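Colleague: give me coordinates for this.
(4 chains)
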Number of protein chains: 2
Amino acid sequence: MARTTDGAAGARPTIRDIARVAGVSKASVSYALNDLPGVSEQTRARIRATATELGWRPSAAARSLSRARAGAVGLAVARDVRLLEEEPYYMRFIAGMESVLAREGLSLLLSVVPDVEAAVGVLRDWWGERRVDGVVLTDLRVQDPRVALVAELGIPCAVPAGAGRATSVQAERQAFEEVVTHLCAQGHRRLARVAGPREFLHTLRRDVAWAEVTRSALGAPAPVVVADYTSAGGLAATRGLLAGAEPPTAVVYDNDVMAAAVVAEREALGVRVPQDLAVVAGDDSMLCRLVSPAISCLQRDVVADGARSARLLLEVLQGRPGQAPAGEPHRLVVRGTTVRAPVG
Amino acid sequence: MARTTDGAAGARPTIRDIARVAGVSKASVSYALNDLPGVSEQTRARIRATATELGWRPSAAARSLSRARAGAVGLAVARDVRLLEEEPYYMRFIAGMESVLAREGLSLLLSVVPDVEAAVGVLRDWWGERRVDGVVLTDLRVQDPRVALVAELGIPCAVPAGAGRATSVQAERQAFEEVVTHLCAQGHRRLARVAGPREFLHTLRRDVAWAEVTRSALGAPAPVVVADYTSAGGLAATRGLLAGAEPPTAVVYDNDVMAAAVVAEREALGVRVPQDLAVVAGDDSMLCRLVSPAISCLQRDVVADGARSARLLLEVLQGRPGQAPAGEPHRLVVRGTTVRAPVG
DNA sequence: CTGAAAGCGCTTACAG
DNA sequence: CTGAAAGCGCTTACAG
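Modeller: Numbering: from 1, shown residues only, chains lettered A, B, ... in the order given. Predicted coordinates:
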């Protein structure tokens, strides 16, 4: 069917070639191929057929230049590589984004840099050269310079509800309620939380939610100690808690890595899990399932979060400054670290 | 300093604006800003200053159109999302790529799709619309349709030595030699390997290397069973091995997930680790460090692999069809699953 | 060393 | 419904 002799030369066909072969003007080709009015159905069909026959594909550069749109969005991940190793989160988030972007013919630019300052540089470059039409921001920090930059330059931007752990206080509250209810039902009264760094906005949101939920359930806010998401940090924080006057019988960790480290090192810490210490992780992952006992955790659909973020950005790009949809709540998955009898 | 009144209007400055302000032609601006001969040092300095003052940045689209280069490279990851969760590999690889690409002003397009067929579609789109100048291919399959496509369309492409586990036989041999020597020194004579799917090229390379190394060390090639990289698959394969007439005393797994699952489920499998069964993982990760005992493994610098791949692609783009550099060999890290006495 | 001009491959008013 | 023309923001021979 296709006349391969044309393409074989290596030269890409342009709308000019299509116009010549179909015997119409370039403008008509453009209208026809973009489904715009201005060409008869008959002509449109002939042009389409010719385009297919020649193997034509629009030039992203030409289209971008004349439409003044990049046809791409960016995701600048700001996180130390060493922490990334422990975060299988992003690839799934990206897979979710892609499922939405692909339908719109948008590409995804990805940048992985160690810190927020570097991310600001990346955003500046991307936007300055108009390589992207908008960006998705995750893992927001307190006083995040990316937020300031995006506002200053007017970069279309989506900060998803569920992405980068930036859920709303409401969602955090709901999640903690599930956790605390479950722990209290197991007879626990002395709870504690090992939090992530306070530089993250979501840590602060969780602080609020945790205080509210534990005060309401136990009469007073349960203690919180800050750690850094690493296994070493999680262990140190836990040691501190256990050395206190009234050591907790149940600890909730802001991520999976810290929780898994504690379960793995329970002997060194001098506790039995779950008999002496119940453990809950803020994320789910292989880690939670592989250590023994397996770790009870808050679970959510990261792929769906990515898709939702992309959709949100699309709405912003179309001028509808979309409300961040609430996002599905985290679900508590009960495993061996919070109940005596084996579960599941 | 900068006259913000210009930029505040929102209109991006172009070389036309610079030419007007600096009192020269557009061509001179282009020469000056691209460090090409054809302008006096004095003029060049003035033009540079003007560009900075106006906050000019080149338009990626315009540059791409006139230079006929996209200014971007692509990485199309072909892997099921569920497996991705278990693979913290890619983000680090990407961080490595970026460190090289950023210096050249190249962007990275990322696509995460479930299988090779979808990846072929992505590559076709990227190349058809000239969104990328070249691509990096990882996780090569046997008869990989991406390889065929890349050859057919002439897409510049780099398949890194160490990336996506696509190391050369030589590197695999060296790695297995380290492992087998270590295990033999511990008194093991009955070894086995739980391999990844045979659809991956690197699995076949490992098959060759494994057979050679074990034959040389033990007189006959040690057995291999194929699994699918998942914890369930790894467990099933191990159960099969242990039920055999001469069960192995040491098993080498092609990835970390399978090894970790076996260590985590050692009681259910009815073995003590390392007394009854020594375990070695083909990848390192948090998983290997968190289970107990910690898993001996082959370790390598994934970030460096990513950087090397990007460098290789750059050479291909510059017409020097660069040899894939050998890549650093894997290092054996000895932990608790292969020695009785606690290590490190 | 410098400038006027054509071109990259599209889109989009504007006349017919 | 259709076509000639200008424009998007750069690059690059080609004359001066």
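
Colleague: so what touches stretch A:111-125?
Modeller: A:74-81, A:84, A:126, A:131, A:135, A:141, A:144-146, A:149-150, A:153, A:155, B:57, B:91, B:94-95, B:98, B:102, B:108 (CB atoms under 8 Å, 6 or more residues apart in numbering or on different chains). From N, CA and C alone the C-beta is placed, and that goes for glycine too.

Colleague: what residues sit buried inside it?
Modeller: A:111-114, A:116, A:118-120, A:122-123, A:125 (16 or more other CB atoms under 10 Å in any protein chain shown).

Colleague: what's the answer for stretch A:144-152, then?
Modeller: Buried, per 16+ other CB under 10 Å, within stretch A:144-152: A:144, A:146-147, A:149-150.

Colleague: which one of those residues is nearest DNA strand D?
Modeller: Nearest to DNA strand D among the buried residues of stretch A:144-152: residue A:149, at 20.3 Å, using CB to the nearest atom of the strand.

Colleague: give me the element the closest one is part of.
Modeller: helix A:145-153 (DSSP states H and E).

Colleague: that helix near chain B anywhere?
Modeller: No - Helix A:145-153 lies apart from chain B when judged by CB under 8 Å from any CB of the partner chain; the minimum separation is 9.7 Å.

Colleague: tell me which other helices or strands that helix touches.
Modeller: helix A:116-128 (3 or more CB pairs under 8 Å, 6 or more residues apart in numbering or on different chains; DSSP states H and E).

Colleague: can I get the buried residues of stretch A:111-125 in CSV including pLDDT?
Modeller: Below are those laid out as CSV (pLDDT from 0 to 100):
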residue, pLDDT
A:111, 95
A:112, 92
A:113, 93
A:114, 91
A:116, 95
A:118, 95
A:119, 97
A:120, 97
A:122, 97
A:123, 97
A:125, 96
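
Colleague: of these, closest to DNA strand D?
Modeller: Nearest member of the buried residues of stretch A:111-125 to DNA strand D, counting by CB to the nearest atom of the strand, is residue A:125, at 13.6 Å.

Colleague: hang on, the earlier thing: farthest-separated two in the buried residues of stretch A:111-125?
Modeller: Using CB to CB, the two most remote members of these are A:114 and A:125, lying 16.2 Å apart.

Colleague: can you name the residue of the stretch 101-250 of chain A nearest DNA strand C?
Modeller: Per CB to the nearest atom of the strand, residue A:105 is where the stretch 101-250 of chain A lies closest to DNA strand C, at 11.0 Å.

Colleague: dihedrals phi and psi, that residue?
Modeller: Main-chain dihedrals, residue A:105, degrees, to the nearest 10: phi 70, psi 20.

Colleague: how about the nearest residue to it, chain neighbours excluded?
Modeller: Leaving aside its chain neighbours, residue A:105 sits nearest to residue A:71 (6.7 Å; criterion: CB to CB, 6 or more residues apart in numbering or on different chains).

Colleague: cool, residue A:183 as well?
Modeller: residue A:250 is the one closest to residue A:183 (CB to CB, 6+ apart), at 4.8 Å.

Colleague: returning to that earlier point: which residues are contacting the helix holding residue A:149?
Modeller: With contacts defined as CB under 8 Å, 6+ apart, helix A:145-153 is touched by A:76, A:78, A:116-117, A:119-120, A:123-124, A:127, A:135, A:137, A:140, A:155, A:157.

Colleague: could you rerun that using 10 Å?
Modeller: Residues outside helix A:145-153 that contact it (CB atoms under 10 Å, 6 or more residues apart in numbering or on different chains): A:76, A:78, A:116-117, A:119-124, A:127-128, A:134-135, A:137-141, A:144, A:155-157, A:159, A:201, B:7, B:10.

Colleague: ok, and which of these reach DNA strand D?
Modeller: Checking those against DNA strand D by CB under 7 Å from any atom of the strand, not one of them is in range.

Colleague: contacts only, for residue A:28.
Modeller: Residue A:28 makes contact with A:15, A:18-19, A:22, A:38-40, A:43-44, A:46-47 under the criterion CB under 10 Å, 6+ apart.

Colleague: these in helices, which ones?
Modeller: Counting by DSSP state H, these place A:15, A:18-19, A:22, A:43-44, A:46-47 in helices.

Colleague: mind putting the residues you listed in CSV, distance to chain B and neighbour count included?
Modeller: CSV is the format used below for the ones in helices among the contacts of residue A:28 (distance: CB to the nearest CB, whole Å; neighbours: other CB atoms under 10 Å in any protein chain shown):
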residue, distance to chain B, neighbour count
A:15, 13, 22
A:18, 15, 26
A:19, 19, 18
A:22, 20, 21
A:43, 24, 17
A:44, 21, 19
A:46, 22, 19
A:47, 18, 25
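
Colleague: for these, which one is nearest residue B:298?
Modeller: For those, the nearest to residue B:298 is residue A:15 (52.8 Å; CB to CB).

Colleague: might one say that that closest one is in contact with residue A:26?
Modeller: Yes - between residue A:15 and residue A:26 there is a contact under CB atoms under 10 Å: 5.2 Å.

Colleague: all strands for the stretch 151-300 of chain A, in order.
Modeller: Secondary structure of the stretch 151-300 of chain A (DSSP state E, counting those that start in this stretch): strands at A:157-158, A:191-195, A:224-226, A:250-253, A:278-281, A:296-299.

Colleague: so how far is the first one from its chain's centroid?
Modeller: Chain-centre distance of strand A:157-158: 12 Å, with CA atoms, centre = their mean, to the nearest Å.

Colleague: repeat for the longest one
Modeller: Between the centre of strand A:191-195 and the centre of its host chain there is 24 Å, according to CA atoms, centre = their mean.

Colleague: I'd like the average pLDDT over that strand.
Modeller: For strand A:191-195, mean pLDDT rounds to 98.

Colleague: paired strands for it, with orientation please.
Modeller: Looking at strand A:191-195 with DSSP bridges, its partner strands are strand A:224-226 (parallel), strand A:250-253 (parallel).

Colleague: quick one, which of those is packed in tightest?
Modeller: Of all the strands paired with strand A:191-195, strand A:250-253 has the most neighbours on average by mean count of other CB atoms under 10 Å in any protein chain shown, namely a mean of 29.
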